[in-house]
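Participant: After the sequence you'll find the predicted model.
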Amino acid sequence: MSAPKVLFGFHAVGVRLKTTPRSIVEIYYEPTRRDARMRQFIDRATEAGVRLIEADAMRLAKLAGSHGHQGVAARVEALPQVHSLDDLLDAVEGPPLLLVLDGVTDPHNLGACLRVADGAGAHAVIAPKDHAAGINATVAKVASGAAETVPYFMVTNLARTMGELKERSIWCIGASDDAPNTIYQTDLKVAVALVLGAEGAGMRQLTRKTCDALASIPMRGAVESLNVSVASGICLYEALRQRS
């Protein structure tokens, strides 16, 4: 069994408490915080039979590796994961909806992308092993529980993986500001992988060339680009709208 990991913040710990409370080893909380949110959280943990430990802000910050713990942290067992992207795709019913992130290294951006992927019902998020953020406590907090629910696959060769997706008839659509068609003019009802690069740099050249098509997000103001998590949300929710 793998060593317990740490989740912190009300959303991240709350989702684990809601979905698989038995996987929680113990919850640390700040007793000086007595607001309604904390009282409700403690009541839920008590009802679930989870061990509760009082801890001051310094201990919580050390445990979480961050001062943004909101007075709550938990040591949890790792949940069983889908072993491979192939296994996940074999089990998907209907056309898959995937998010591919190329060069997203900021954990806050990754966490936000996972959160929006969960909200839109994406089946998985894919990223390269190099030049990409991995799942850590900060990602889990920003993702507000989505790091627990959305499979995140880090692959050795992103272009090769995209090629394998195409062999499964999954259309790879890259987001690019110079694309002739917008995301709203693109058919996203089919099996699709939406490919986005980091803000500013965008997709790497090989990733761009591997895409089946490109689509832009209309920009009507003065700014030239959007944060990658915002762009991911626009693209994923357009796919959800078309499929509804």
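Facilitator: Yep, that arrived. Numbers count the residues shown, from 1 in each chain.
Participant: check contacts around Val50.
Facilitator: Val50 makes contact with 17, 21, 24, 26-27, according to Cβ atoms under 8 Å, 6 or more residues apart in numbering. From N, CA and C alone the C-beta is placed, and that goes for glycine too.
Participant: Ser232 versus that one, what's the distance?
Facilitator: Look at Val50 and Ser232: by Cβ to Cβ, to the nearest Å, they are 33 Å apart.
Participant: follow-up on the earlier one: list the ones among the contacts of Val50 that fall in strands.
Facilitator: 24, 26-27 (DSSP state E).
Participant: In ChimeraX, select just the buried ones from these.
Facilitator: Selection of buried members from these for ChimeraX, criterion 16 or more other Cβ atoms under 10 Å:
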select :24,27
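Participant: can I assume Val139 is in contact with Ala133?
Facilitator: Yes. Contact criterion Cβ atoms under 8 Å: Val139 and Ala133 qualify, at 6.5 Å.
Participant: When these two are compared, which one has more neighbours?
Facilitator: Using other Cβ atoms under 10 Å, the more surrounded residue of Val139 and Ala133 is Val139, with 24 against 21.
Participant: Surely that one is within a helix?
Facilitator: Yes. Val139: assigned to a helix according to DSSP: H, G, I helix; E, B strand; the rest coil.
Participant: so where's the longest helix in this protein?
Facilitator: helix 228-243 (DSSP state H).
Participant: Summarise which helices and strands it is packed against.
Facilitator: Other helices and strands packing on helix 228-243, by 3 or more Cβ pairs under 8 Å, 6 or more residues apart in numbering; DSSP states H and E, are strand 97-102, helix 107-120, strand 171-175, strand 192-197.
Participant: Let's have the ones you listed in JSON lines, adding mean neighbour count and distance to Tyr152.
Facilitator: Shown next, in JSON lines, are the helices and strands packed on helix 228-243 (neighbours: other Cβ atoms under 10 Å; distance: least, Cβ to Cβ, whole Å):
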{"stretch": "strand 97-102", "mean neighbour count": "27", "distance to Tyr152": "9"}
{"stretch": "helix 107-120", "mean neighbour count": "23", "distance to Tyr152": "7"}
{"stretch": "strand 171-175", "mean neighbour count": "23", "distance to Tyr152": "18"}
{"stretch": "strand 192-197", "mean neighbour count": "26", "distance to Tyr152": "14"}
